[in-house]
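Chemist: Fold the following.
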Amino acid sequence: MSSDYLDLVANFVHFTHWEDLSETTRDAAKNVLMDTFGAILAGSQLSQNASLAKLAPHLGGVGRFLYLGPTMRTTTCLQL
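Modeler: Prediction:
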């Protein structure tokens, strides 16, 4: 499979400004962002996620990226 479509998406994201998007699209993006943050914050309160967060530095080492929630740092790979 060609990566041409990835180049198209990357160029669109890189060269598109917030103001270029329609109001409907901006509203949808805001809703997705708020929903995502809400899920992250709610999930950070679950015990199984706290256990996983404690395990992450042992899997990938301590890095420079701060978790959203706990005050721990990890590597890029584990942050994703």
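
Chemist: In the chain, what residue spans correspond to helices?
Modeler: Using DSSP state H, the helices of the chain run over residues 4-15, 23-43, 47-60, 76-79.

Chemist: just checking, what packs against the second one?
Modeler: Counting contacts by 3 or more C-beta pairs under 8 Å, 6 or more residues apart in numbering; DSSP states H and E, there are no secondary-structure elements packed against helix 23-43. Any C-beta I mention is one placed from the backbone N, CA and C, and that applies to glycine too.

Chemist: Tell me the buried residues in it?
Modeler: When burial is assessed from 16 or more other C-beta atoms under 10 Å, helix 23-43 yields no buried residues.

Chemist: Make 47 the starting number, not 1.
Modeler: Understood, numbering begins at 47; the last thing we discussed is helix 69-89.

Chemist: coming back round to it: could I get the helices of the chain as a markdown table with mean pLDDT?
Modeler: A markdown table is the format used below for the helices of the chain (pLDDT from 0 to 100):
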| stretch | mean pLDDT |
| --- | --- |
| helix 50-61 | 92 |
| helix 69-89 | 92 |
| helix 93-106 | 75 |
| helix 122-125 | 52 |
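
Chemist: How much space separates residue 76 from residue 69?
Modeler: In this structure, residue 76 lies at 10 Å from residue 69, with C-beta to C-beta, to the nearest Å as the measure.
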